[in-house]
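Novice: Attaching a predicted model along with its sequence, questions to come.
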Amino acid sequence: MDDRHHRSSSQNLKTDIPQFSLHLSAVLLVKTTSMKARIWKKRSLEEMKARVFSALEQNVNYHESSILGVPASYLDDKVFNQDASFVKDAPWISTLIQNPNHIGCHTLGKSESFFKGTQEIEKELIEMCAVDILGAEVGTCDGYVASGGTEANMQAIWVYRNYFIAEFGARKDEIMILCTEDSHYSMNKASNILGVNILKVKVDEKTREVNQSDLTEGLHEAKQNGKKYAILVGNMMTTMFGSVDDLSPFLSELKSFDFKYKVHIDGAYGGFYHPFTEGDKQLNFSHPEVSSVTLDAHKMARAPYGTGIFLMRKGLIQYANTQEASYVEGEDYTLIGSRSGANAVAVWMILSQTGPYGWQEKVFILQKRTAWFCAELDTLGVDYFRHPDSNIVTIDAHFVNQELAKKYGLVPDNHHSPRWFKVVIMEHVTLERLEPLLEDLKSTLRVEEALES
């Protein structure tokens, strides 16, 4: 069976904790000596409080200022108690209450001056993610905190559609989205809303790697049907399988068929995980052909919902400028428009509290925990898929009955006719939580063996 489909681990974390700790220290020593975070710094709670409250002081204060032209205010104090004693020590809650509107894209220069304090925090967050997580050079990316990964993916496709129209006179029916069948359904939404076709390429059932012949045939047919421009979306850990795309076959075939193209990376799941593993790091801005990346902090970063992050090389997001938003200072380049500044502050605080080295350690531990779980599945003879740089383990549905799936909240690939069920090794999914699932799997297998005999 393929190495990625049915992997085993040589290290059992339950019985070799001292050795694991030594290995952790050694690996982290190597990692931290090579990590040179330029923007991302670990901060104490007091440092974070000082920074956020200072930013809020630079924002408009609806209590004290005579601001008459803005259709906004602080949160309704009849519902949201603003005098509670804990608020003065809670920078994120305070930001939520003061309700800054981060409309627009602040990395471009001019933005709504009413909220300039918290906008600076968002600008730092965008630079932190682009440079220290995704390998960009300082000052080379624009971006903003979106409502989620779906919006960020649609923003990229919107920009590139408009780019092809503006620069090459392309018609919408000449533009297509190119991705694999494992890609997120937001690609279908973008196709529908933006009026461009989509080509989803088949993947191998065991490796989840692109089917080369289907890719070639699909592009050949697309070319025959008049397609000239492609928006390639590469996956940095798919939602269901945690699989990671290799861009090489796509880029090679696009060139051979003479497509003009742009490359976007959907890292909505993997963006806060995959860059901290041992795997290939081609899915970031160090790759010269990657122009944009989606992140989503509400997954691995455990931020509130509404914390997607869109990042794009400078010189491109202008193709999505809505000039009709003339009453917005700095105009609006985003799909969402008005959005809460508290979301940017939340992600900035989470990353600042952990720091780059703490984040590396967190991912390392989750990798080891996932490897342990896979080793236990190997012992039971259970078939599964796991990309080696992922904390998602997707189990063949033949080994999981509906009772088991419901008991442990295992998510299927299709609720009507499931072929796979996934286990996501988050920080709260400890060995103690995984052990009962393994025991139930073992019991189920015993019952099936007894019935067969």
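Specialist: Ah, there it is. Numbers count the residues shown, from 1 in each chain.
Novice: Can you tell me how far residue 255 is from residue 230?
Specialist: Using C-beta to C-beta, to the nearest Å, residue 255 is found at 11 Å from residue 230. From N, CA and C alone the C-beta is placed, and that goes for glycine too.
Novice: quick one: common contacting residues for the two?
Specialist: The overlap between the contact sets of residue 255 and residue 230 (C-beta atoms under 8 Å, 6 or more residues apart in numbering) is empty.
Novice: who has more neighbours, those two?
Specialist: Neighbour count, other C-beta atoms under 10 Å: between residue 255 and residue 230, residue 230 has more, with 26 against 10.
Novice: Parallel or antiparallel, list what pairs with the helix or strand where that one lies.
Specialist: According to DSSP states H and E, residue 230 maps onto strand 229-235. Strand 229-235 sits in its sheet next to strand 175-180 (parallel), strand 260-267 (parallel), going by DSSP bridges.
Novice: Quick check: mean pLDDT of the first one?
Specialist: For strand 175-180, mean pLDDT rounds to 98.
Novice: now the helices for the stretch 251-400 of the chain?
Specialist: For the stretch 251-400 of the chain, helices defined by DSSP state H, counting those that start in this stretch occupy the ranges 341-380.
Novice: Disregarding residues adjacent in the polypeptide, which is nearest to residue 396?
Specialist: Distance criterion C-beta to C-beta, 6 or more residues apart in numbering; nearest residue to residue 396, sequence neighbours excluded, is residue 383 at 4.1 Å.
Novice: any idea how far the closest residue to residue 363 other than its chain neighbours lies from residue 368?
Specialist: Nearest non-adjacent residue to residue 363, counting by C-beta to C-beta, 6+ apart: residue 276, 4.0 Å away. Here the distance between residue 276 and residue 368 works out to 13 Å (C-beta to C-beta).
Novice: more crowded one of these two?
Specialist: Ranked by neighbour count (other C-beta under 10 Å), residue 276 and residue 368 place residue 276 first, with 22 against 18.
Novice: quick revisit: what distance do you get for the residue nearest to residue 363 to residue 70?
Specialist: 41 Å.
Novice: Can you name the residues that contact the residue nearest the centre of the chain?
Specialist: The centre of the chain sits closest to residue 268, judged by C-alpha atoms, centre = their mean, with a distance of 1.9 Å. Neighbouring residues of residue 268 by C-beta under 8 Å, 6+ apart: 148-150, 152-153, 184, 239, 294-296, 299, 308.
Novice: just to revisit the earlier point, TSV please, covering the strands paired with strand 229-235 and showing distance to residue 50 and mean neighbour count.
Specialist: Compiled in TSV, these are given as follows (distance: least, C-beta to C-beta, whole Å; neighbours: other C-beta atoms under 10 Å):
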stretch	distance to residue 50	mean neighbour count
strand 175-180	44	25
strand 260-267	31	24
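Novice: Can you add distance to residue 443 and give those strands back as CSV?
Specialist: Below are those laid out as CSV (distance: least, C-beta to C-beta, whole Å):
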stretch, distance to residue 443
strand 175-180, 36
strand 260-267, 38
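Novice: Nearest to residue 114 among those strands would be which one?
Specialist: Nearest of the strands paired with strand 229-235 to residue 114, taken as C-beta to C-beta: strand 260-267 at 31.8 Å.
Novice: Take the contacts of residue 268 and write them to CSV, including neighbour count, distance to residue 315 and pLDDT.
Specialist: Formatted as CSV, the contacts of residue 268 follow (neighbours: other C-beta atoms under 10 Å; distance: C-beta to C-beta, whole Å; pLDDT from 0 to 100):
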residue, neighbour count, distance to residue 315, pLDDT
148, 20, 25, 96
149, 26, 23, 96
150, 21, 25, 97
152, 32, 18, 98
153, 30, 20, 98
184, 21, 26, 97
239, 23, 30, 96
294, 32, 19, 98
295, 32, 20, 98
296, 26, 24, 97
299, 22, 29, 95
308, 28, 22, 97
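Novice: Of these, which belong to strands?
Specialist: Cross-referencing these against strands under DSSP state E gives 294-296, 308.
Novice: give me the number of residues near residue 162?
Specialist: Look at residue 162: counted by other C-beta under 10 Å, it has 18 neighbours.
Novice: how far away is the residue lying closest to it once chain neighbours are set aside from residue 291?
Specialist: Closest residue to residue 162 apart from its sequence neighbours, by C-beta to C-beta, 6+ apart: residue 319 at 4.1 Å. Distance, residue 319 to residue 291, by C-beta to C-beta: 11 Å.
Novice: shared neighbours, these two?
Specialist: By the contact definition C-beta under 8 Å, 6+ apart, residue 319 and residue 291 are jointly contacted by residue 160.
Novice: Looking at those two, which is more packed in?
Specialist: The neighbour count for residue 319 versus residue 291, taken as other C-beta under 10 Å, is higher for residue 291 (24 against 18).
Novice: Perfect, that will be all.
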